[in-house]
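Participant: model this:
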Amino acid sequence: MTKAQFDAQIPESDYGIEPKKGYVIDGKNTQSSNMRNINDGKSKKRNNVRFSTDFKAVPLKVSVKATKKINRLQEFLVSYGPNYWR
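Facilitator: Okay, here's the model as predicted:
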């Protein structure tokens, strides 16, 4: 959906990722993706995954890639970006 459509939702969603400027993938629906359960590690040191976007895919595809070894039952942590915590 477009960023404008995402921002206009009622009720609002806190689970959007903007992989491409102006476009948002909404993870509010619990069946939409397991990525909605990834939290912010609040430091580069703690983060252990990153989002990866395939801009050639239709529709746009976002996946999660490990950036370091993740042990069984360890939480996935990613940076939400500088604007999230404002």
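Participant: average pLDDT for stretch 39-48?
Facilitator: For stretch 39-48, mean pLDDT rounds to 90.
Participant: offset the numbering so it begins at 51, please.
Facilitator: Will do, 51 is the new start, and the previous item becomes stretch 89-98.
Participant: give me the buried positions along that stretch.
Facilitator: For stretch 89-98, the neighbour count (16 or more other CB atoms under 10 Å) marks 91, 97, 98 as buried. Quick note: C-beta positions are derived from backbone N, CA and C, even for glycine.
Participant: residues contacting the residue most central in space within the chain?
Facilitator: Nearest to the mean C-alpha position of the chain, by CA atoms, centre = their mean, lies residue 67 at 4.5 Å. Contacts for residue 67 (CB atoms under 8 Å, 6 or more residues apart in numbering) come out as 74, 75, 77, 85, 101, 112.
Participant: and the first one, what pLDDT?
Facilitator: At residue 74, the model reports a pLDDT of 77.
Participant: next secondary structure after the helix or strand hosting it?
Facilitator: According to DSSP states H and E, residue 74 maps onto strand 73-76. Scanning forward in sequence from strand 73-76 by DSSP H and E, the next helix or strand is strand 99-104.
Participant: and the next helix or strand after that next one, which strands flank it?
Facilitator: As assigned by DSSP H and E, the chain's next helix or strand after strand 99-104 is strand 111-116. Strand 111-116 sits in its sheet next to strand 99-104 (antiparallel), going by DSSP bridges.
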